[in-house]
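*Asks:* I would like to see how this sequence folds:
(2 chains)
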Amino acid sequence: MTVLAALIRRDIRIAVRVGGGALIGVLFFLTVVVLMPFAVGPDLALLTRLGPAILWLGALLASLLTLDRLFMADHEDGSLDLIVMSRTPLELACATKALAHWIAAGLPLIGATPVLGLLLNLDTRSTAAVALTLLAGTPALTFTGMIGAALAVTLHRGGLLLAVLVLPLSIPVLIFGVAASQAAIAGQSFGAPFSILCAVSLVSFVIGPFAAAACLRHGLD
Amino acid sequence: MTLIDLANPSKFLSLTARVLPWLAAATAIVLAIGLYQSAAAPDDYQQGATVKIMFIHVPNAWLSMLVWGVMSLAALGTLVWRHPLADVAAKAAAPIGAAFTFLALVTGALWGRPMWGTYWEWDARLTSVLILFLMYLGLIALWRAVEDPSRAARAGAVLTLVGAINLPIIKFSVDWWNTLHQPASVMRLGGPTLDRAFLVPLLVMAAAFSLLFVTLLLAAMRNEILRRRLRSLQMMQARAFSSEVDTGSHEGNAPKPKFGAA
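*Replies:* Numbers count the residues shown, from 1 in each chain, chains lettered A, B, ... in the order given. Just a heads-up that it's a prediction; the model follows:
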């Protein structure tokens, strides 16, 4: 346990340090959301209607942006080899790294949501709904994205390939995240889509670490 | 003759060399029967002659999913049993599956134009087939991004298995999403009960397309094996050449060319 706690502390510390890139995600999120009114026009009613979708899309892209550093930085300085060789199960180490990445890069996105909700003319209830669904859904994005990050590091190709591989896998999260937010805003049944969103997150906790560990174990040599 | 005996690529090549002509002939015959029966099938009372697109469209759609299943089995073969031909099969199957999926989409669009009045509808089935197509393309991109085949094979195998788990989830979520947005806007062909006049040609065509898939897969696997042999021969030749250059002219500071993916 202490090993995993140390791993979390280390990853978070690196992420918030200069050159870590945790805050770049938030900045990107802000920029994407600010760009939207220029594309669809400054119509506040329309922005209110599209708000949850815009926030979700922004969060999806922002979490994807920082994902390729998840294993790549450790691979470059050699610490990934130590993690693979250590006695801690690699699956647990992968899950821990993803958790640390989510705390460093995912939580700030949720923190920024109320501010961005103001820009999109969302009321308190809608903003709270979007923030809650993001809280339940972004871990799934990180944990499925981790598979892509592990593939990218074993193939020495990051960036674009990762986006192409991961985006189709994130469709269920997007569907149920936006559906749950819309349902909460419209006052429809919020429970069904939200519980499925949580279920998708839980499934990704199981699949993600095992697939990523399999990639790393077979791919690094 | 078990699966393990085929692990030797030379045995596989000699076996497929004998089998392939027969398979190709069988495919041609069954396809000819299927096409004749499709052409002879009666017109639908509602859809007219356009219903005949179904005989091409539906087998393509079935095959698009079947090929991913075959690739998943091959991925298990790569990761669990380390069968040397499994990754060859997975690599060869991906473009074939993508082609079947693409044809299913195109014929669906051509069928949709006269029936629904639009080429594309964000219907649940269409959407999930489109996502399947995107995943095929991602997998092909993965295969093409890496030079070393064995490294690409293991990465592709993991992605294939993750896709096999995810595709039902995506299918389910797209169904859910679709019913939420626009309930039952799409006209469906008279339910699950299909008339015998349509069912028999459809099944024959499905058999023909399955045979076509097996034929194409075996042929593509042969090509892939030969391509890999060629690649290793070229690398051996280049290595021999470079060592010759190194010993011939004593330019010790010239950087040695590096072979294979680092």
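*Asks:* show me what from the stretch 151-262 of chain B comes close to chain A.
*Replies:* The stretch 151-262 of chain B has residues B:151-152, B:154-155, B:158-159, B:161-163, B:165-166, B:169-170, B:172-174, B:176-177, B:180, B:261-262 near chain A, with proximity defined as Cβ under 8 Å from any Cβ of the partner chain. Heads up, the C-betas are built off the backbone N, CA and C, glycines and all.
*Asks:* surely A:Leu67 is within a strand?
*Replies:* No. In this structure, A:Leu67 is coil, not part of a strand, as judged by DSSP: H, G, I helix; E, B strand; the rest coil.
*Asks:* and it, what does it touch?
*Replies:* A:His101, A:Thr142, A:Gly145, A:Met146, A:Gly148, A:Ala149, A:Leu162, A:Val166 (Cβ atoms under 8 Å, 6 or more residues apart in numbering or on different chains).
*Asks:* try it again with 7 Å
*Replies:* Contacts for A:Leu67 (Cβ atoms under 7 Å, 6 or more residues apart in numbering or on different chains) come out as A:Gly145, A:Gly148, A:Ala149, A:Leu162.
*Asks:* tell me the one of those residues nearest chain B?
*Replies:* Lowest distance from chain B to these (Cβ to the nearest Cβ) belongs to A:Gly148, with 8.5 Å.
*Asks:* hang on, B:Thr118 in a helix?
*Replies:* No. Going by three-state DSSP, the assignment for B:Thr118 is coil, not a helix.
*Asks:* residues contacting the residue lying closest to it once chain neighbours are set aside?
*Replies:* Once flanking residues are discounted, B:Thr118 sits nearest to B:Gly112: 6.1 Å by Cβ to Cβ, 6 or more residues apart in numbering or on different chains. For B:Gly112, the contact set (Cβ under 7 Å, 6+ apart) comprises B:Thr118, B:Tyr119, B:Glu121.
*Asks:* need the pLDDT of the first one.
*Replies:* Read it as B:Thr118. At B:Thr118, the predicted lDDT confidence score is 78.
*Asks:* count of residues packed around it?
*Replies:* 9 (other Cβ atoms under 10 Å in any protein chain shown).
*Asks:* next, the spatially most distant residue from the centre of chain A: phi, psi?
*Replies:* Distance from the C-alpha centroid of chain A peaks at A:Asp43, with 29.1 Å (Cα atoms, centre = their mean). Dihedral angles of A:Asp43 (phi, psi; degrees, to the nearest 10) stand at phi -80, psi 110.
*Asks:* next up, the contacts around it.
*Replies:* By Cβ under 7 Å, 6+ apart, A:Asp43 has no neighbours at all.
*Asks:* now it: how far from chain B?
*Replies:* 22 Å (Cβ to the nearest Cβ, to the nearest Å).
*Asks:* what's the answer for A:Cys215, then?
*Replies:* 5 Å.
*Asks:* these two touch, right, that residue and B:Leu159?
*Replies:* No. Using Cβ atoms under 7 Å, A:Cys215 is not in contact with B:Leu159, being 8.6 Å away.
*Asks:* for the contacts of A:Leu67, point out the one with the lowest pLDDT.
*Replies:* Ranking these by pLDDT, A:Leu162 lands last with 81.
*Asks:* list the contacts of stretch B:153-171.
*Replies:* Taking Cβ under 7 Å, 6+ apart as the rule, stretch B:153-171 contacts A:147, A:151, A:154-155, A:165, A:169, A:171-172, A:200, A:207, A:211, A:214-215, A:218-219, B:68, B:71-72, B:75, B:78-79, B:87, B:90, B:128, B:131-132, B:135, B:139, B:142-143.
*Asks:* list the ones among those that fall in helices.
*Replies:* A:147, A:151, A:154-155, A:165, A:169, A:171-172, A:200, A:207, A:211, A:214-215, A:218-219, B:68, B:71-72, B:75, B:87, B:90, B:128, B:131-132, B:135, B:139, B:142-143 (DSSP state H).
*Asks:* just to revisit the earlier point, ok, so of the contacts of B:Gly112, who is nearest chain A?
*Replies:* After measuring these against chain A - Cβ to the nearest Cβ - the closest member comes out as B:Glu121, at 17.3 Å.
*Asks:* any idea how far B:Arg113 is from the closest one?
*Replies:* Distance, B:Glu121 to B:Arg113, using Cβ to Cβ, to the nearest Å: 11 Å.
*Asks:* how about A:Ala15?
*Replies:* 51 Å.
*Asks:* quick one, which of these two is more surrounded?
*Replies:* A:Ala15 (22 against 13).
*Asks:* skipping adjacent residues, who's closest to the more buried one in space?
*Replies:* Per Cβ to Cβ, 6+ apart, closest to A:Ala15 is A:Ala104, 3.6 Å.
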